[in-house]
Structures are given as C-alpha cells and as structure tokens.
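Student: Return a 3D structure for these sequence lines:
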Amino acid sequence: MSQFTFARGAFPQTRMRRLRAQEFSRRLVQETVLTPADLIYPMFVLEGEKRREAIPSMLGIERVSIDELLKEAAELVALGVPAVALFPVTPPEAKSLLAEEAWNAEGLAQRATRALKAAFPQLGVITDVALDPFTTHGQDGIIDENGYVLNDVTTEALIKQAISHAQAGADVVAPSDMMDGRIGAIRAALEQAGYPNVCILSYAAKYASNYYGPFRDAVGSAGNLKGGNKKTYQMDPANRMEALHEVGLDLAEGADMVMVKPAMPYLDIIREVKDTYQAPTFAYQVSGEYAMHMAAISNGWLKRDEIILESLMCIKRSGADAILTYFAKEAAKLLQK
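Tutor: Take a look at the predicted model:
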C-alpha cells in the first residue's frame, strides 16, 4: 500500500463532509469510476437453435443457443461491453474420460467463437480453457485410477484445447484449470502455431471456493462431480501469500492478464496482486455472488440497481481492471442512464 503523510489541519479547519455536501463536488472527487468498458459478460452456450434455458440458481441468466447468443452480442456491443466469456454446455454423450471434445474443431465453443467473430469482429471473445465441461467425472483434468488430476497429461490436453480456440478466432484464451506450468506451455504452443497475438488470461489465483455451485449447475458438471471437490489444484481460501506466488509464476510464463476468483470475498487478494505486480488484473464476480445478490433483490432486501453498481464499484476499487460478471448487461444499461 502507498504511504503518505497527513498534511491537513484538525477540525474545524478540515471538515471532511464539505466535499460530500453537494452532488457536483462528490462527482468531482470520486476516486473510482465504473464504465461498461470495465465489464465482461460470461455466457453459457448450448446446442440447437432458438433455444433459451433458464438457470434456476441464477435468476435472470440463461443458457442460449448460438443464434440467440448473437442476439445477445448485438445488445452488448450497443451497450459498450467490450468482451464476452464463453462457457459451453456439453451434451452428456460428448463427455469422456479424456475430454476429447474439448479440442474438437466443430465443438460448441469453437462454433460459437467463429459465429461471434464473423458477426461482431469488434467484440472480444474469451474462451475457457479447462476440461471440466468435457469430462465424465467433472474434474478440470485427466485423472488417474485414484481420481487424482494428472498435471502434465492434463496440460497437454489444454494445449490442444487452446490451439483449437485460437484457430476458431478467440481473442483471449483463459486457462481456468490451475495446473502447474500450463501458462508457459500454452504460450509456447500459441507462438509455434502462429498465434502470437492471442492473449492469455490466466485464472492465476482461483480458490477452491463454495461460491461456484450455480455455475456448475449451469454447465452441467455438478452431477458429474458427485460431491467431489477440487482442492488438489484450486487454492485454499485460507492462503494469501500463495496467491502472489501463483500470479508471479503465471506472469513469468507469459500471461497477459491475471485473474482472481471469486471477487468480493477476496478483495484483499485483488489489491495485493495489483499492488505487487502492476499487471492487468481481472476479477470474477462468480455465480454464487450473483445468486446471493439476486436472492436478496428478489426478496426486497436490497435495492436492485444500487447494489449491482455498488458491488462492481467495490471490486474495481480493490484494483480490478476488468470484471467478469453476470450483471454486465444490466450494469451497462444502468451506467448509460
């Protein structure tokens, strides 16, 4: 944290409320400004046409087919939201132990990426690089006979997945798996394959959090996980310095941006990452955070518009340069008022 010396006089020479007394002065001295350009909209894509499926645990969020995805994208572009993050809902019959569907050139994520880039080249497309939507067991990697996720074997699969996304036109690949060494391996593969300008957004400090439950429902991996957990590769919520170590390694390996996930329960981590590395730092306001807010809003316990913007402002104030949030579309509308 920055160090400074207080030079102001004591009360009443200094009245901190003076600048709060009127709206114009509050606006003039506002330290943090939230705009639609700070927002990324995570979207769930499913097979078929003209399909929209509500997600019960995420009020207002839907799984959409690619044609409906394009309609959403048109609205986002008009609102000034710069990017979307895609998460495919893989049909059960396409899942396997080795997650081969993850790098299928005609896979759902790849087709959705091509469609988005053809229709809206100005919209950034961020793709999830992880195997959990494609494995029969719901883990983020390839497992051994004891159910342990194998690091190096999984990394080889992630490389193939990332290259397939780059070939489809992804602007940013976002490894969310937390395997050791995968950023450097993916960066080298992208360079070798002729995609030097494809960015890597590393989920560098991804915690083994209980806030992910609604997301796993949304992509259909909760049932495959069958009560299991991801503690052997995602971080312990009790650890702070380990996050800085993880971020430092990923930046050294070639990450262009780093992510802290979840966001609001980990604002201290976002601030430390930003202060320590001064690198582009993103945060993910995850499904559980969204679900809690929506539950309180729907019960009349919180003011909808105000709490949406306050929650995002707090995340940005902590040091986040961009925020993945299911409120992105609604927040962009509110910010344009």
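Student: Could you check how far stretch 71-89 is from the centre of its chain?
Tutor: Stretch 71-89 has its C-alpha centroid displaced from the chain centroid by 13 Å (Cα atoms, centre = their mean, to the nearest Å).
Student: Dump that stretch to CSV, keeping only the CA atoms.
Tutor: Extracted as CSV, the C-alpha positions of stretch 71-89 are listed here (Å, rounded to 0.1, in the frame of the first residue of the first chain):
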residue,chain,number,x,y,z
LYS,A,71,-28.7,-11.5,-30.5
GLU,A,72,-27.3,-11.0,-27.0
ALA,A,73,-23.9,-10.0,-28.5
ALA,A,74,-25.6,-7.3,-30.6
GLU,A,75,-27.1,-5.8,-27.5
LEU,A,76,-23.7,-5.9,-25.7
VAL,A,77,-21.9,-4.2,-28.5
ALA,A,78,-24.5,-1.4,-28.5
LEU,A,79,-24.1,-1.1,-24.7
GLY,A,80,-20.3,-0.7,-25.0
VAL,A,81,-19.4,-4.0,-23.2
PRO,A,82,-16.0,-5.0,-24.8
ALA,A,83,-15.9,-8.7,-24.4
VAL,A,84,-17.8,-11.9,-23.6
ALA,A,85,-16.5,-15.1,-21.9
LEU,A,86,-17.9,-18.3,-23.4
PHE,A,87,-18.8,-21.5,-21.4
PRO,A,88,-20.2,-24.4,-23.4
VAL,A,89,-22.9,-26.7,-22.0
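Student: mean confidence for it?
Tutor: Mean per-residue pLDDT for stretch 71-89: 98.
Student: State the next helix or strand along the chain beyond the helix or strand of the chain with the lowest mean pLDDT.
Tutor: None of the helices or strands of the chain scores lower by mean pLDDT, DSSP states H and E than helix 222-225, at a mean of 59. The helix or strand immediately downstream of helix 222-225 is helix 241-253, counting by DSSP states H and E.
Student: other SSEs contacting that following helix?
Tutor: For helix 241-253, the packing partners by 3 or more Cβ pairs under 8 Å, 6 or more residues apart in numbering; DSSP states H and E come out as helix 182-192, strand 199-206, strand 257-261, helix 267-277. All C-beta spots, glycine's among them, are computed from the backbone N, C-alpha and C.
Student: Met294 is nearest to which of the ones you listed?
Tutor: When the helices and strands packed on helix 241-253 are compared by Cβ to Cβ, strand 257-261 sits nearest Met294, at 18.9 Å.
Student: Who are the packing partners of the closest one?
Tutor: Here strand 257-261 touches strand 199-206, helix 241-253, helix 267-277, strand 281-285, going by 3+ Cβ pairs under 8 Å, 6+ apart.
Student: For these, state which one has the densest average packing.
Tutor: strand 281-285 (a mean of 28; mean count of other Cβ atoms under 10 Å).
Student: With mean pLDDT and distance to Ser25 as added columns, please give the helices and strands packed on strand 257-261 in JSON lines.
Tutor: Formatted as JSON lines, those follow (pLDDT from 0 to 100; distance: least, Cβ to Cβ, whole Å):
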{"stretch": "strand 199-206", "mean pLDDT": "98", "distance to Ser25": "37"}
{"stretch": "helix 241-253", "mean pLDDT": "98", "distance to Ser25": "38"}
{"stretch": "helix 267-277", "mean pLDDT": "98", "distance to Ser25": "27"}
{"stretch": "strand 281-285", "mean pLDDT": "98", "distance to Ser25": "30"}
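Student: Redo the ones you listed as CSV? Include distance to Ser176.
Tutor: Converted to CSV, the helices and strands packed on strand 257-261 look like this (distance: least, Cβ to Cβ, whole Å):
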stretch, distance to Ser176
strand 199-206, 4
helix 241-253, 12
helix 267-277, 16
strand 281-285, 9
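Student: can you tell which of these is closest to Lys316?
Tutor: strand 281-285 (8.4 Å).
Student: A helix includes Val125, no?
Tutor: No - using DSSP: H, G, I helix; E, B strand; the rest coil, the secondary structure at Val125 is strand, not a helix.
Student: Hmm, Pro82 and it touching each other?
Tutor: No - using Cβ atoms under 8 Å, Val125 makes no contact with Pro82, being 10.7 Å away.
Student: So for the two, which residue has more residues nearby?
Tutor: Taking neighbours as other Cβ atoms under 10 Å, Val125 and Pro82 compare with Val125 leading, 25 against 17.
Student: Contacts only, for that one.
Tutor: Listed by Cβ atoms under 8 Å, 6 or more residues apart in numbering, the contact set of Val125 reads 83-84, 86, 113, 116-117, 169-172.
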